[in-house]
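K.L.:
only geometry, no sequence info:
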């Protein structure tokens with residue numbers, strides 16, 4: 001008796017099922033057994049019908065005759081578990097392997113890659129023998145997982161079953177090894193195929209693609225030419241699509257044009273994939289006009305065609321063209337995908353247009369398009385370049401909600417986004433947040449980019465000690481990560497900041513031992529010139545410059561700047577002349593370096609001439625920094641009236657840097673009235689530079705106007721401006737020693753003060769008289785002598801004499817300008833010690849030797 005159901009929908013469902021069964025098995029006579037055939041199974045429109053037929057087959061004992069057809073029906077209706085269950089009951093046969101292959105192919109198509117491998121090893125365990133159709137699908141799954149171990153096991157079975165000469169199976173093996181990153185194994189398999197004479201165009205395409213995707217574009221190009229010229233294999237569409245990106249990455253325009261010519265001659269040029277690859281190749285080679293021609297001749301265009309053009313224009317700064325295409329895509333209602341949006345955002349970010357990048361990102365969100373990791377990296381770069389911390393935090397929130405909160409996030413994309421967040425926070429002056437994010441990444445997961453952005457963040461913020469500490473930690477904690485050129489440049493920047501010559505030399509040696517690409521070598525050598533210059537060894541900087549295989553304007557300007565800060569103005573001018581002979585046009589930065597060199601070498605006439613001619617002769621319009629440099633040049637030379645006239649004639653409003661330069665000149669030449677005028681202008685501009693107040697205080701102290709000195713100090717206290725304490729440091733045998741004025745914390749303080757007292761006593765007999773005007777306190781001269789005696793640079797020098805071998809230079813760095821009294825004292829001391837004394841202050845280098853200084857009074 002059938003139980004009744006009250007729910008109407010359930011009742012209807014049961015009645016329909018019964019009706020289906022009646023229709024399937026209704027017969028003319030009730031005594032006739034229904035005939036079940038393979039045709040009937042093929043006509044099944046649902047899994048339920050298949051199961052009903054299966055049930056009747058079991059009842060009638062006919063299952064063995066139609067098992068394979070049942071398997072086919074179950075696969076067609078996605079009941080794979082039942083199909084596998086039936087397959088497992090079959091006796092293994094060559095013909096029935098087809099159904100295992102069907103299941104494996106279905107899993108590959110649906111992306112169930114691990115199921116593919118499981119099915120393959122299951123059939124092996126049950127005694128089934130895979131054929132030439134099984135292996136390509138299984139190898140493809142191993143490559144896409146990727147699983148090199150399982151792929152190699154399958155390769156072994158291929159050899160065991162005798163398929164090592166089957167071109168389809170062997171091509172799949174080459175592709176598997178390439179996808180697993182085992183390029184050498186892929187090449188070995190390919191070479192064996194060539195040796196057996198079983199290579200076809202697919203084999204060549206596989207190996208060319210493997211080299212291209214592994215970043216070995218030159219080798220990919222070489223193999224492509226061997227395929228066509230040596231082995232006479234005719235390239236097809238895939239061949240061209242593989243080789244054109246290699247030409248693009250190498251900038252090999254000639255070879256790219258040859259491939260284009262072949263495509264046209266062989267009738268492959270109209271293929272949309274080839275056309276897109278050609279547009280991409282020309283765009284990446286900087287030939288946007290050629291890319292545009294190919295693009296306009298395309299009979300069919302897809303979103304990739306448009307994206308390639310937009311990306312190409314964005315990368316060369318052609319924003320008008322990129323935005324024009326972007327708007328045209330909107331007008332013609334071409335679907336804007338994430339690549340389109342990312343291309344425009346990346347273009348703005350790369351050119352430093354952060355606000356525009358953020359604006360496009362907002363439009364993208366409003367359009368409903370979801371950002372991917374590339375988009376987020378680009379927009380974070382835009383935030384970093386414009387210092388948009390608030391917007392960067394908003395992007396961070398979006399990342400947490402939409403990217404990092406996903407359980408199956410790709411590790412590579414995760415690290416890419418985290419690295420960009422670290423970079424953004426570091427460049428937006430939130431270095432502590434950047435460090436927290438850096439520390440949240442496990443040491444084993446950190447890439448060279450992760451280390452580099454954190455080290456670079458510290459270096460660019462002036463926190464050089466932290467940068468070098470992290471650089472050292474990188475070598476100690478993660479032996480697998482090798483620093484790239486950018487990492488080393490960040491470390492060299494930190495060395496330059498601290499005058500850490502010893503570590504800078506070690507990094508230089510590391511560069512020698514490790515090979516880097518030519519573009520990276522140029523970048524590194526420019527940083528080495530800067531490091532040696534700022535660490536006091538300008539002659540080695542010149543050696544690096546002279547041995548460079550390639551030089552650019554940065555190379556020349558770095559050396560020119562180095563000569564300037566060392567007071568070697570004549571050498572700087574000579575470098576400027578040689579730069580012009582070499583065919584390089586000086587820019588604003590070059591002229592700034594030349595004017596700086598003239599200022600610190602007393603070359604007033606030459607400096608004035610360069611300033612007057614930079615616009616008329618070289619087309620460089622003087623900027624604010626050039627005017628500040630000229631004010632500094634005239635002020636140092638005592639031409640204060642000329643300096644104030646120049647300020648009055650400036651085409652822009654004088655910024656604080658200009659008034660500081662004038663104030664510095666007033667301090668040197670004790671011009672109280674003009675110094676007060678410059679200081680008042682600074683206060684009107686609300687400048688919070690403690691150096692400005694110190695300079696004015698020095699001017700008053702020199703004029704013994706102690707009440708004004710006290711007033712300035714009270715003003716600083718009232719406005720919350722604190723004077724930076726003077727600090728000097730020196731690299732000794734046991735590390736870096738740091739000294740402050742009156743410092744007695746060093747373990748060797750007693751010996752330091754005893755030696756310093758002895759030196760001061762000796763130079764006094766030689767004519768040294770303490771310049772008490774540099775003791776900025778209203779006390780008697782004897783007490784001022786004591787104050788001057790304890791200045792940090794004198795303490796560092798005494799320590800250097802105690803710890804440095806005879807004949808070697810003593811290198812001292814001070815965070816502020818060297819005190820005038822200390823300058824005079826060290827000049828005398830250089831006459832009685834067997835060392836060259838190299839002192840770097842906040843303005844320039846001083847080389848003391850045999851009673852004279854390289855600055856010649858221009859400091």
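P.N.:
Cool, got the structure. Computed from a predicted model, the values in this text were never measured in an experiment.
K.L.:
so where do the helices sit in the stretch 651-800 of the chain?
P.N.:
Counting by DSSP state H, counting those that start in this stretch, the stretch 651-800 of the chain has helices at residues 656-668, 672-684, 690-702, 706-719, 749-765, 781-789, 792-803.
K.L.:
who wins for proximity to residue 381 among the ones you listed?
P.N.:
helix 656-668 (28.8 Å; C-beta to C-beta). In short, each C-beta sits where N, CA and C put it, glycine included.
K.L.:
show me what that closest one is packed up against.
P.N.:
helix 624-636, helix 640-648, helix 672-684, helix 690-702 (3 or more C-beta pairs under 8 Å, 6 or more residues apart in numbering; DSSP states H and E).
K.L.:
change it to 6 Å
P.N.:
Identification of packing neighbours for helix 656-668 by 3 or more C-beta pairs under 6 Å, 6 or more residues apart in numbering; DSSP states H and E yields helix 624-636, helix 672-684, helix 690-702.
K.L.:
now tabulate those helices in TSV and tack on mean pLDDT, distance to residue 332 and mean neighbour count.
P.N.:
Shown next, in TSV, are the helices and strands packed on helix 656-668 (pLDDT from 0 to 100; distance: least, C-beta to C-beta, whole Å; neighbours: other C-beta atoms under 10 Å):
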stretch	mean pLDDT	distance to residue 332	mean neighbour count
helix 624-636	94	46	24
helix 672-684	86	56	18
helix 690-702	74	59	21
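K.L.:
in CSV, list those along with distance to residue 795.
P.N.:
Listed next are those as CSV, based on distance: least, C-beta to C-beta, whole Å:
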stretch, distance to residue 795
helix 624-636, 28
helix 672-684, 30
helix 690-702, 20
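K.L.:
figure out which of those is closest to residue 309.
P.N.:
Using C-beta to C-beta, the helices and strands packed on helix 656-668 put helix 624-636 closest to residue 309, at 38.7 Å.
K.L.:
which residues sit against that closest one?
P.N.:
Contact with helix 624-636 is made by 592, 595-596, 599, 607, 611, 642-643, 646, 650, 655, 657-658, 661-662, 665, 858, as judged by C-beta atoms under 6 Å, 6 or more residues apart in numbering.
K.L.:
rerun that using 7 Å as the cut-off
P.N.:
Contacts with helix 624-636, where a contact means C-beta atoms under 7 Å, 6 or more residues apart in numbering, come from 591-592, 595-596, 598-599, 604, 607, 611, 642-643, 646-647, 650, 652, 655, 657-658, 661-662, 664-665, 668, 858.
K.L.:
tell me the contacts of the nearest residue to residue 808 once chain neighbours are set aside?
P.N.:
Among residues not flanking residue 808 along the chain, residue 835 sits closest, at 6.7 Å (C-beta to C-beta, 6 or more residues apart in numbering). Neighbouring residues of residue 835 by C-beta under 7 Å, 6+ apart: 801, 804, 808-810.
K.L.:
which of those has the most neighbours?
P.N.:
Using other C-beta atoms under 10 Å as the neighbour test, those are led by residue 810, with 23 neighbours.
K.L.:
in three-state terms, label the residue nearest in space to the middle of the chain for me.
P.N.:
Closest to where the C-alpha atoms of the chain average out (C-alpha atoms, centre = their mean) is residue 449, at 6.1 Å. Following DSSP: H, G, I helix; E, B strand; the rest coil, the label given to residue 449 is helix.
K.L.:
again, but for residue 848
P.N.:
Following three-state DSSP, the label given to residue 848 is strand.
K.L.:
now the strands for this structure?
P.N.:
Remark: strands assigned in the chain by DSSP state E are 727-732, 735-740, 810-814, 837-840, 845-849, 852-853.
K.L.:
can you tell me the average pLDDT over stretch 492-503?
P.N.:
When pLDDT is averaged along stretch 492-503, the result is 93.
K.L.:
now do the contacts for the nearest residue to residue 738 once chain neighbours are set aside.
P.N.:
Nearest-residue entry for residue 738: residue 729, 4.4 Å, with adjacent residues in sequence omitted and distances by C-beta to C-beta, 6+ apart. Going by C-beta under 7 Å, 6+ apart, residue 729 touches 736-738, 796, 813.
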